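Colleague: Following is a predicted model, sequence given first.
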Amino acid sequence: MQTRTIGQRSVSAIGLGAMPMSIEGRPDRDRAVATIHAALDAGVTLIDTADAYHRDAGEVGHNEELIAEALRSYGGGTSDVLVATKGGHVRPGDGSWVTDGRPEHLKEAAKASARRLGVEAIGLYQFHRPDPDVPFADSVGALAELLDEGVITMAGISNTDVGQIDAANEVLGGRLASVQNQFSPAFRSSRDELDHCAELGVAFLPFSPLGGIANASELGARHAAFAEVADARGVSPYQVVLAWELALAPVVVPIPGSSRPASTTDSAGAAELQLSADEVARLSEA
């Protein structure tokens, strides 16, 4: 599979967003583990999670524990797999999402995530979402301390704008490894952040790259140009979307969510789909 770089780590050009396996509507545990195994079989070496990816109160880290179980039970090698997790978002168990960017919370959350993942140091730890009640620099400062203490190997941020990207990189002393923002054919408002990451050489990880769980099934109907290119190429519209995103910049690593083995295998195939310059331009203008 084609590869990309996050920090100093080489990863698959298509990652796996594991959130759908733990939130509302999640599959049973056997299917979830099979989905992760299918991604590994397809050459995926980046798995994205968060401590807040759970459904009910009292099960913080459900998704992290699921990934750890899947990696332990996988029949092949997993030493090259980078698990990226996040902290700073919490779910009380009532379906809501609440920010908590307090440095003390982030430091404790990172250590708890490392325990659930069964690692001495988290490969990539990301501040999930800016907290309006906490200075952004203070939150990112906690990531800098985690780096210095060896709790995490790389630091990233999520749901941020261009100014926050620069601020985070300054606080981290130039060690910002990744930015994870929503980006898809239907949600392109993060294009400035994508382009800025390309200028900085910072990995850009589009989440919901296919439009989100609720809209992915209608992707072809809503975005005719992608469906037309897919028909001409004999592939799924999902592969065309992911291949288009990869073509936008060499720092882009999409992380499509999945809860079925077949869908994660299809997504992984996008890493081998090379679109022409005309196709990329057409899709960008669509």
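Modeller: Happy to help now that I have it.

Colleague: Need the pLDDT of residue 42.
Modeller: Confidence at residue 42, expressed as pLDDT, is 98.

Colleague: Quick one: residues contacting it.
Modeller: Applying C-beta atoms under 8 Å, 6 or more residues apart in numbering to residue 42 gives the contacts 1, 264-265, 268-269. C-beta: built from backbone N, CA, C; applies to glycine.

Colleague: Go through those residues and name the one nearest residue 64.
Modeller: Of all the contacts of residue 42, residue 64 sits closest to residue 264, with 18.0 Å by C-beta to C-beta.

Colleague: burial measure for the closest one, as a count.
Modeller: 26 (other C-beta atoms under 10 Å).

Colleague: Need the max-distance pair from the contacts of residue 42.
Modeller: 1 and 264 (12.6 Å).

Colleague: joint contacts of these two?
Modeller: 42, 44.

Colleague: about what we covered before: apply the buried test to the contacts of residue 42 and list what passes.
Modeller: When the contacts of residue 42 are checked for burial by 16 or more other C-beta atoms under 10 Å, the buried set is 264-265, 268-269.

Colleague: Does residue 133 fall in a helix, a strand, or a coil region?
Modeller: coil (DSSP: H, G, I helix; E, B strand; the rest coil).

Colleague: so who does it touch?
Modeller: Residues near residue 133 by C-beta under 8 Å, 6+ apart: 99, 101.

Colleague: how near is it to residue 139?
Modeller: According to C-beta to C-beta, to the nearest Å, residue 133 stands 10 Å off from residue 139.

Colleague: ditto for residue 32
Modeller: 30 Å.

Colleague: swap in residue 99?
Modeller: 9 Å.

Colleague: Any chance you could list what contacts the lowest-mean-pLDDT helix or strand in the chain?
Modeller: Sorted by mean pLDDT, DSSP states H and E, the helices and strands of the chain end with helix 219-222, the least confident at a mean of 74. Residues outside helix 219-222 that contact it (C-beta under 8 Å, 6+ apart): 185-186, 210-211, 215, 226-227, 230, 237-238, 241.

Colleague: Among those residues, which lie within helices?
Modeller: 226-227, 230, 237-238, 241 (DSSP state H).

Colleague: burial count for the nearest residue to residue 40 once chain neighbours are set aside?
Modeller: Closest residue to residue 40 apart from its sequence neighbours, by C-beta to C-beta, 6 or more residues apart in numbering: residue 74 at 5.6 Å. Each residue near residue 74 was counted by other C-beta under 10 Å, and the total is 15.

Colleague: residues touching residue 74, list them.
Modeller: Counted by C-beta under 8 Å, 6+ apart, residue 74 has contacts 36-37, 40.

Colleague: Of those, just say which sits nearest to residue 46.
Modeller: Nearest to residue 46 among these, with distances taken as C-beta to C-beta, is residue 40, at 10.9 Å.

Colleague: Helices of this structure, start to end?
Modeller: Under DSSP H, the chain gives helices at 29-41, 62-73, 103-117, 136-149, 162-171, 191-200, 219-222, 224-233, 237-248, 261-268, 277-285.

Colleague: I'd like those laid out as JSON lines, including distance to residue 49.
Modeller: Formatted as JSON lines, those follow (distance: least, C-beta to C-beta, whole Å):
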{"stretch": "helix 29-41", "distance to residue 49": "10"}
{"stretch": "helix 62-73", "distance to residue 49": "5"}
{"stretch": "helix 103-117", "distance to residue 49": "8"}
{"stretch": "helix 136-149", "distance to residue 49": "17"}
{"stretch": "helix 162-171", "distance to residue 49": "20"}
{"stretch": "helix 191-200", "distance to residue 49": "21"}
{"stretch": "helix 219-222", "distance to residue 49": "24"}
{"stretch": "helix 224-233", "distance to residue 49": "28"}
{"stretch": "helix 237-248", "distance to residue 49": "19"}
{"stretch": "helix 261-268", "distance to residue 49": "14"}
{"stretch": "helix 277-285", "distance to residue 49": "29"}
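
Colleague: Alright, calling it a day.
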